[in-house]
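Participant: Prediction below, plus the sequence it came from.
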Amino acid sequence: MATEALGCWCQQQGVPALYATQEVIALEDSLPRNDVAAAGVRAFLLENYATAENLGTAPGSHAGLGLGHCAAGVAPMRGYVDLIMQRQLLAWLGVVGAPLPLEALERALLETAAARDAGAFAPAGHGERIEAVPGQRLRLRIDQVSARQNILRLADPRPE
């Protein structure tokens with residue numbers, strides 16, 4: 001796959017990159033990896049035994065995709081992270097400016113996580129914003145939680 005080829009290339013070239021990793025908590029390895037018929041069963045089992053996908057700057061395996069390296073930059077699902085990685089590759093190839101240092105990539109990941117968390121903070125379906133400042137206590141009610149889909153939706157948070 002393109003993500004694995006990109007991940008291997010980045011590691012071989014020493015390009016600071018963003019990688020998606022996923023670990024398996026516990027899965028009996030009795031199903032053959034190269035058998036197409038077993039792939040569906042393996043995917044079903046991974047849904048129940050795999051951790052959420054993590055984005056980071058260290059290469060690692062992705063259990064859900066069965067890849068040794070999974071670099072960001074080719075999957076449209078991650079949007080902003082992919083744009084950062086595409087800019088990094090263009091810089092490495094000399095098309096635009098200098099490549100971003102590892103610290104800038106880590107900061108971009110933190111900002112992406114903060115934006116995702118802030119989006120989960122908004123009450124579902126109400127369209128209203130709650131103004132809060134850092135350190136302010138809020139009373140929260142959890143509306144939806146899905147570790148597999150990385151969702152935490154809070155319903156109607158109000159300042160104490």
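Facilitator: It's in. Note that this is a predicted model, so its numbers are computed, not measured.
Participant: can I assume Leu6 is in contact with Gly73?
Facilitator: Yes: when contacts are counted by CB atoms under 8 Å, Leu6 is listed as touching Gly73 (5.8 Å). All C-beta spots, glycine's among them, are computed from the backbone N, C-alpha and C.
Participant: overlap in contacts of those two?
Facilitator: Residues touching both Leu6 and Gly73 by CB atoms under 8 Å, 6 or more residues apart in numbering: Ala17, Leu89.
Participant: The chain - how does it break down into domains?
Facilitator: Split into domains by automatic domain parsing, the chain comes to 2-119, 122-160.
Participant: Test my guess that Gln88 contacts Leu105.
Facilitator: Yes: contact criterion CB under 8 Å: Gln88 and Leu105 qualify, at 7.3 Å.
Participant: Could you tell me which residues touch both of those two?
Facilitator: Residues touching both Gln88 and Leu105 by CB under 8 Å, 6+ apart: Pro16, Ala17, Leu18.
Participant: who's in contact with the closest residue to the second one other than its chain neighbours?
Facilitator: Nearest in space to Ala17, with sequence neighbours left out and distances taken as CB to CB, 6 or more residues apart in numbering, is Cys10 at 3.9 Å. The contact partners of Cys10, taken as CB under 8 Å, 6+ apart, are Pro16, Ala17, Pro59, Ala71.
Participant: Next one: the first one from Ala2, what distance?
Facilitator: To Ala2, Pro16 is 19 Å away according to CB to CB, to the nearest Å.
Participant: all strands for the chain, in order.
Facilitator: 19-21, 54-56, 138-146, 151-159 (DSSP state E).
Participant: Least confident of those, on average?
Facilitator: In terms of average pLDDT, strand 151-159 trails the rest of the strands of the chain, at a mean of 62.
Participant: Can you find the helix or strand in this protein with the smallest mean pLDDT?
Facilitator: strand 151-159 (a mean of 62; mean pLDDT, DSSP states H and E).
Participant: Just give me the neighbour total for Gly40.
Facilitator: Residues within reach of Gly40, counting by other CB atoms under 10 Å, total 9.
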